[in-house]
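In: build me a model from this:
(2 chains)
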Amino acid sequence: MSIKNMTAEKNWSGQTMVSTDYLLFEAPREKHFMTGSEVLKEAMKRCTVDASVSYPITPQSEAAHLIGELWAEGYVGTYFRGENEFGVMSEVAGCAMAGARTVTTTSGPGTLRAMENFPMWSGTRIPVQLILMARGINSPLTIQPDNLEVTFMLETGCMIWYAENVQELFDMSIAAFTVAEMPDVHVPIVTVVDGFFVSHTRESVMLPSDDIALRRYDPYAAPLPPIDSEMPPGRFLRDPFVMKSNYISYATHASWQWEIRSAVERSIPYAKHFLEGLVHTTGDEDAEIVFVACGTASHQAKEANRELTKMGIKTKVVKLRTIRPFPHAELLEATKNAKYIFVPEFNVVGWLDKEVTTSLYGKSDAKIIGRPRVAGGMSMPAEAIIQEVLDNTDVKKGA
Amino acid sequence: MANLGPAYYSPYPVAAYDGLLTPPEGKALLLTDIVDEEVAMREIARVMLTSENATIFPGPQVLYAWNDEAKKKATLIKEMAEVLNAKMIPMYDYRPKYPKIDAEVEINPNHPNLTIWHNNIKACIFVGVHCHYANVALKIVRSETDCYTAAICGLSGHEDAMATIRDQHSEEMAKFIKIAKEVKQELGK
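Out: Purely as a prediction, here's the structure:
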């Protein structure tokens, strides 16, 4: 496909540009059977992406490769390979500062190698999207699924959304650009999926036609001026106050940090709309046993819910779709009847358990149990979740 | 007036942490209340017309003629200042000024309080300032001064201002000036 000039209606690949609402909620869809990596290609194909930078690391390599194919096919403006993940995340920042809608992907050790860039991304208010296909980060080196790396991302000032499956990855990664680019939000967004479980698993997915795509990004609605010949990148990074030790310097930094976090909070109404709620619940609404989870752990919790229902035990699953902003009000409402809250997780530290415990502290009388917790590539069978319920609640006594 | 915050141990009120977000389309924010745009316009005009040393702070988006809309807005802001009996102190750019800011003639988002203190400004309007820098400045002003802050924004508005109106283009600015003239007449100013 040849690159064409963009018009008011058509992007450079000849796709008709439509609203996010139309693309996500109104356009007719057809059923396909795809892996997470393949569906990410389909999502980015419909996003009028200006730039993508890649670096191979399992399990996201295939997704990065497929976005490269989109460039070859004329759907992505520019695409290149960085020197390493630190280079990639820096180059992504440059693309976004110059006004490009930019996407990249990484996993596990790649995330940690690039870490310094993430708070820089948010501090510069760039709406770049990182697709994080979570993988273990321990030594000895592992390529197995594990989401420990997410804990390192929590306080970077980036939004963090978590997709459970291939369908959610498709829809979320499109909505992510729209929410991240809202002028009053305009911070980076990290769309997380569990590596292998989603990236390499083929599932049914409903996709709209590929002759429509998101409208282009308007950098002139950004909260910071985009770079041009008179505005060097990160102008403020070289300005004197960062080097000073005085109250003016402290005041600016403090206000700046609060502003980044305010921007993440401002995404709440938009995320509620495009994600149809910050949390999704399934199971018995009045259940006293509640599973709070994200990603594929919530899928396993739903399996446990089905089995427990057969055993006559009422449970409910609260799936968190956004981690930053954290859905405090929605979680409190969804757990108001809970006596026991289980937080199943794919990592050793229990970062979601800590988040849930902090959020509900002083507001809920429920006993919060951070189990089951698996790591290092272990799967989480529904039986493990059921056993925790049987061991830690009074259901055997007829609750 | 800084009736919000502080946010944890920060000296600054952070409206988003008090549950306040930018107003929905077609609406405005007055302190903690979502109101009709016209209500906010009348209140901003009233405060500006009745406060000591009311000042408009125009930012780079209206100080430089980077498109026709910017030129129109600049002309309207001059008229707005006349109607509101307000001074104008520009925010030329966003660089902190060292070794010393000239607080008499300019304001800077990194230390906006210096200009407000120096000129004893009790009410102000931010207009044409890129949203991030406006928000950084508004938090500092709200904490460090007793100045009433209003933000006239071409995009989504600013919850850290005490009054904010959003999606303000030249047409809406002309409407604000018309309302300000009415308020001025009512006040006999």
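
In: could you say which helix or strand holds residue 176?
Out: I'll assume chain A. Assigned by DSSP states H and E, residue A:176 falls within helix A:166-180.

In: that answer is for a different chain, and I need it for chain B
Out: helix B:170-187.

In: could you give the mean pLDDT of that helix?
Out: Here helix B:170-187 scores 98 as its mean pLDDT.

In: which strands and helices lie in contact with the helix holding residue A:176?
Out: helix A:20-21, helix A:36-45, strand A:129-134, strand A:159-162, strand A:189-194, strand A:203-208, strand A:212-214, helix A:268-274 (3 or more Cβ pairs under 8 Å, 6 or more residues apart in numbering or on different chains; DSSP states H and E). Placement of C-beta: from N, CA and C, glycine included.

In: so which elements touch the fifth one?
Out: By that I understand strand A:189-194. Using 3+ Cβ pairs under 8 Å, 6+ apart: strand A:189-194 touches strand A:129-134, strand A:159-162, helix A:166-180.

In: got the contact list for the shortest one?
Out: Residues lying outside strand A:159-162 but in contact with it, judged by Cβ atoms under 8 Å, 6 or more residues apart in numbering or on different chains, are A:150, A:153-154, A:172, A:176, A:179-180, A:185, A:187-193, A:264, A:267, A:271, A:275, A:294-295, A:320-325.

In: relative to that strand, what are the paired strands and their orientations?
Out: Next to strand A:159-162 in the sheet, as set by DSSP bridges, lie strand A:189-194 (parallel), strand A:322-324 (antiparallel).

In: which of those sits most buried?
Out: Mean neighbour count, computed with mean count of other Cβ atoms under 10 Å in any protein chain shown, is highest for strand A:189-194 among the strands paired with strand A:159-162, reaching a mean of 28.

In: and the residue nearest to residue A:346 when sequence neighbours are not counted, how many residues sit next to it?
Out: Of all residues not flanking residue A:346 in the chain, residue A:147 sits nearest, at 4.9 Å (Cβ to Cβ, 6 or more residues apart in numbering or on different chains). Neighbours of residue A:147 under the rule other Cβ atoms under 10 Å in any protein chain shown: 28.

In: what helix or strand does residue A:147 sit in?
Out: Per DSSP H and E, there is no helix or strand for residue A:147.

In: quick one, what contacts it?
Out: Shown here is residue A:147, whose contacts under the criterion Cβ under 8 Å, 6+ apart are A:134, A:192, A:194, A:295, A:345, A:346, A:347.

In: repeat for residue A:207
Out: If you count contacts by Cβ under 8 Å, 6+ apart, then residue A:207 has A:29, A:30, A:32, A:39, A:42, A:170 around it.

In: which residues in the stretch 51-200 of chain A form helices?
Out: Along the stretch 51-200 of chain A, the stretches classed as helices by DSSP state H, counting those that start in this stretch are A:61-73, A:85-97, A:108-113, A:117-123, A:149-153, A:166-180.

In: and the contacts of the second one?
Out: Counting contacts by Cβ under 8 Å, 6+ apart, the residues outside helix A:85-97 that touch it are A:50-51, A:53-55, A:57, A:78, A:80, A:82, A:102, A:104, A:106, A:109-111, A:113-114, A:116-118, A:120-121, A:124, A:126-128, A:130, A:226-227, A:233-234.

In: before we move on, back to that, which of the helices and strands packed on strand A:189-194 has the highest mean neighbour count?
Out: Mean neighbours per residue, mean count of other Cβ under 10 Å, is largest over these for strand A:129-134, with a mean of 29.

In: so how far is that one off the chain centroid?
Out: Offset of strand A:129-134 from its chain centre (Cα atoms, centre = their mean, to the nearest Å): 7 Å.

In: ok, now stretch A:25-39?
Out: For stretch A:25-39, the distance to the chain centre is 18 Å (Cα atoms, centre = their mean).
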